[in-house]
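Trainee: Requesting a structural model of the entry that follows:
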Amino acid sequence: MNAIWEILLNLGLGAIFGAGIVAAIFYLLRGTVIAVITEGVKHSYAQALEDRKSLLAKEIESIKTALKFSEVRFSKQFEALVALRRLRRRVLPKKWHPEMDWSEALEDIANKFEEHIEQLENFLLEHEAVLPTPILRRLENALNAATDGQFEFDYDSKDDTSRPRAEALKLANKFYDGIMAAIKELQKRVDDHMPERNA
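Mentor: Numbers count the residues shown, from 1 in each chain. Sure, this is the predicted structure:
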């Protein structure tokens, strides 16, 4: 009977000892697995963080470039606005008598079509690249009106003079309106970048 107990005791101790070894191995493996997973997560997080930093750096550079371009465009559009207002002042005739009306002003504009065409072409040569398409179209239409208007004159050979026909006056009005519309639209775009001006 003692032998049976001894065998059972040896088997029990062996089982306990074996279970202890298995538990120790499991505990060591568990720690190693957790360490490996932790290192993997840290590495993935660090890599994702570096990727995000790199992406943000590229986005910041892109925004800086866009901002610089926007500043330059604003500056050039502001210069164009000043030049266009100066051109309008040259186009609009000074009053030569107190009762001067708009039809007389249009006649003066029509009589100087050639001069106005040259001034507008010079303006476009200098500022065309920064003008938004709608403004450019308005100015091109104004230029076309002045160009067509040059051919709407009656020539009097007796006193060697020419007088603008009604069509020339209509085209002079279209020319002036085109410049004014371009100024208004360009002024709005400039004002959009200068909110304090609207206050």
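
Trainee: Quick check: the gap between Glu71 and Lys64.
Mentor: With distances taken as C-beta to C-beta, to the nearest Å, Glu71 is found 11 Å from Lys64. Every residue, glycine included, has its C-beta placed from N, CA and C.

Trainee: Which residue is the nearest non-sequential neighbour of Arg138?
Mentor: If you skip the residues right next to it in sequence, Arg138 has Ala182 as its closest partner in space, 4.3 Å away by C-beta to C-beta, 6 or more residues apart in numbering.

Trainee: Quick check: which element contains the most centrally placed residue in the chain?
Mentor: For the chain, Ser70 is the residue whose C-alpha lies nearest the centre (C-alpha atoms, centre = their mean; 6.1 Å). Remark: Ser70 resides in helix 2-91, with elements defined by DSSP states H and E.

Trainee: Specify the next element, helix or strand, located C-terminal of that helix.
Mentor: Proceeding N to C from helix 2-91, the next assigned helix or strand is helix 102-111, under DSSP H and E.

Trainee: What are the buried residues along the helix or strand following that next one?
Mentor: Reading on from helix 102-111 to the C-terminus, the next helix or strand found by DSSP H and E is helix 113-127. Of the residues in helix 113-127, those scored as buried under the neighbour-count criterion (16 or more other C-beta atoms under 10 Å) are Phe113, His116, Ile117, Gln119, Leu120, Phe123, Leu124, His127.

Trainee: quick one: average confidence on helix 113-127?
Mentor: When pLDDT is averaged over helix 113-127, the result is 96.

Trainee: Over to stretch 159-174?
Mentor: In this model, stretch 159-174 carries a mean pLDDT of 91.

Trainee: Which residues outside that stretch are in contact with it?
Mentor: For stretch 159-174, the external contacting residues (C-beta atoms under 8 Å, 6 or more residues apart in numbering) are 103, 106-107, 109-111, 113, 141-142, 145-146, 148-149, 152-156.
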